[in-house]
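Q: Just a sequence and a predicted model for now, questions to come.
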Amino acid sequence: MENEDHNAFTPLLLAVSKGHVEIVQLLADQNANLFAQEKNGKTAVYLCAEGNRLEMLRAILAKKQAAPMIDVPNIYGNTPLHAASKQGHLEIVKLLLENGADLLVKNEREGLAFHYAAKLGRLHIVRLFLRKSPGMVSELDEDGNSAIHLAASNGHQNVTDLLLKYGAAVDSRNSSRWTPLDCAAANGHKSCARFLLENGSPVDPRDVSNQARARPKESVKGRLQFSFSLDEDDSEVTEDDDMGPYTRDSQNWNKNHPLMLMGWQWQCGAVGIFLAWLNLLLFLRRIPTLGLFVLMFTVIIGTFIKFFAVFFLFIFAFAFGFYILLSNHAQFNSLGNSLMKTSVMTMGELDFDALFNTQFESNTYESLIFFDGITYALFVGFLIVMTLVIMNLLVGLAVDDIKGVQNQAVVKRVAMQEEAQSDDELHQIQRRMNLMDQKLADLQVSQNGVMNSLSHIITNLRHISCGRSPSSATELEAISVRRGSLLTVTNDHTSGLVRRA
């Protein structure tokens with residue numbers, strides 16, 4: 001029942017597109033996949049809305065599991081409500097709204113179903129939408145157009161009249177700075193333009209700051225004729241290539257701008273904090289009471305990394321199997337999610353009820369299991385291999401090696417302590433040597449000063465003694481003896497300092 005043709009149409013989608021109500025009812029009763037989508041993303045509900053198949057849509061929406069399908073978009077973001085509004089199927093729109101369709105869902109161009117109805121002149125559908133949600137009259141699409149811009153652009157005077165009655169601004173501007181009158185005039189809709197003028201649309205509207213245009217519109221021909229600066233020798237041939245605004249719409253951000261691409265800063269911050277705490281853990285190795293456990297942890301991590309090559313192959317095997325069998329479940333809808341979920345299940349978070357029993361309660365597409373036998377068999381194999389065999393093997397490796405790890409950790413801790421102590425002693429010796437060099441330098445300076453002073457004194461005494469008695473010569477000899485004694489004492493003191501160093 002789920003075979004697809006080259007356009008991804010299943011039997012159910014083909015029956016819907018051809019309008020065979022009985023076949024659709026039969027396939028739905030046989031649990032055909034109501035969530036199937038063709039290559040453009042259209043579901044059975046979308047095809048019914050697009051083709052105005054009211055009875056068929058009622059039959060499908062009567063199924064409980066079809067409720068989430070009512071707002072499922074196609075690849076362009078259009079929902080069944082967009083399709084029905086575009087085609088003008090009023091009864092389909094009513095049925096969709098009765099079953100909870102969202103009025104405010106926008107497509108990839110930020111367009112509402114309401115915008116389609118206004119653009120194509122679906123007066124009754126526009127009136128229905130406004131009764132449900134009057135505030136929609138001011139909703140804008142990607143180009144800044146409200147419903148009145150779209151209606152005026154296509155000359156739908158009756159829709160424009162209705163929108164004005166619900167409070168649409170007759171002088172509102174889109175991203176191109178066009179008012180509804182501009183839109184009607186540009187597309188040649190004379191009657192609609194006259195109607196807007198009769199309802200207060202300004203002929204020369206001001207901008208939002210209530211000021212007229214700052215400069216007139218330009219044309220290449222006019223600038224060439226009246227730009228007298230071209231006759232001057234120093235006239236610039238080209239204008240400066242200054243970067244202008246990315247868009248006229250101030251709310252339309254350029255997501256590729258560097259200022260919008262700084263998410264890596266937060267990621268670097270997270271990695272930095274993580275590594276900082278790991279660095280603190282490595283510093284704890286030198287603490288006697290804690291360092292033993294840190295070293296034991298690093299050794300066990302090394303053993304696990306060696307075993308991880310075998311362990312990861314089992315993870316891959318079961319992850320691929322679950323991805324193929326349970327791809328409709330959110331936990332396994334991609335290979336990355338399947339790998340992550342399988343790894344978490346290995347730790348004991350099996351979540352059996354959410355995987356296998358939810359289908360009996362909600363019966364939604366995300367909870368169904370299409371291949372019961374092989375899925376249960378793979379799950380039981382996972383229980384035996386991963387949670388029993390592999391995990392017990394890891395525990396056995398840890399228990400068997402724990403004594404050797406402890407001895408190795410003690411040796412490494414002692415080695416690190418000796419290394420730290422050696423580094424500290426080397427630093428102390430270096431500091432003492434530097435201090436001794438400074439003292440020797442100071443002593444040398446002091447010795448030179450004493451020698452110079454004594455030489456100066458002796459010289460002066462010799463000059464004085466030239467005209468004195470022999471007793472003066474005796475005094476001079478005594479001073480020389482004292483000088484020799486002082487030099488001897490100084491040299492002895494210096495030798496003692498060197499020996500102590």
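A: Perfect, I can see it now.

Q: Let me see the mean pLDDT of stretch 143-161.
A: Stretch 143-161 carries an average pLDDT of 94.

Q: and what of stretch 32-51?
A: 90.

Q: And for stretch 384-399?
A: Stretch 384-399 shows a mean pLDDT of 82 in the predicted model.

Q: Ok, stretch 317-324 next?
A: Averaging pLDDT along stretch 317-324 gives 92.

Q: what does it contact?
A: The contact list for stretch 317-324 (C-beta atoms under 8 Å, 6 or more residues apart in numbering) reads 332, 334-335, 338-339, 341-343, 378, 381-382, 385-386. No exception for glycine: its C-beta is placed from N, CA and C like everyone else's.

Q: in the stretch 351-500 of the chain, which ranges drop under the pLDDT threshold?
A: Applying pLDDT under 70 to the stretch 351-500 of the chain picks out residues 363, 401-410, 412-413, 416-417, 420, 445-454, 456, 458, 460-500.

Q: how about the helices of it, start to end?
A: For the stretch 351-500 of the chain, the helices defined by DSSP state H, counting those that start in this stretch cover 352, 372-382, 391-465, 470-500.

Q: got it, and the stretch 51-200 of the chain?
A: Under the criterion DSSP H, counting those that start in this stretch, the stretch 51-200 of the chain contains helices at 54-61, 80-87, 90-98, 113-119, 123-132, 147-153, 157-165, 180-186, 190-198.

Q: Using JSON lines, please lay out these together with mean neighbour count and distance to residue 39.
A: Output for these, formatted as JSON lines (neighbours: other C-beta atoms under 10 Å; distance: least, C-beta to C-beta, whole Å):
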{"stretch": "helix 54-61", "mean neighbour count": "19", "distance to residue 39": "20"}
{"stretch": "helix 80-87", "mean neighbour count": "26", "distance to residue 39": "16"}
{"stretch": "helix 90-98", "mean neighbour count": "19", "distance to residue 39": "23"}
{"stretch": "helix 113-119", "mean neighbour count": "28", "distance to residue 39": "22"}
{"stretch": "helix 123-132", "mean neighbour count": "19", "distance to residue 39": "28"}
{"stretch": "helix 147-153", "mean neighbour count": "29", "distance to residue 39": "29"}
{"stretch": "helix 157-165", "mean neighbour count": "20", "distance to residue 39": "34"}
{"stretch": "helix 180-186", "mean neighbour count": "22", "distance to residue 39": "35"}
{"stretch": "helix 190-198", "mean neighbour count": "17", "distance to residue 39": "39"}
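
Q: picking up where we left off before, just curious, which of the contacts of stretch 317-324 is nearest to residue 293?
A: Minimum distance to residue 293 across the contacts of stretch 317-324 is 25.7 Å, recorded for residue 343 (C-beta to C-beta).

Q: ok, of the contacts of stretch 317-324, which come out buried?
A: Among those, those classed as buried by 16 or more other C-beta atoms under 10 Å are 332, 338, 339, 341, 342, 343, 378, 382, 386.

Q: can you list those in TSV and add distance to residue 432?
A: Formatted as TSV, the buried ones among the contacts of stretch 317-324 follow (distance: C-beta to C-beta, whole Å):
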residue	distance to residue 432
332	69
338	65
339	60
341	63
342	62
343	57
378	72
382	67
386	62
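
Q: returning to what we had before: for the contacts of stretch 317-324, work out which two are farthest apart.
A: Greatest spacing in those, by C-beta to C-beta: 334 and 385 (23.3 Å).

Q: Show me how this structure divides into domains.
A: 1-102, 103-204, 289-443 (the TED database).
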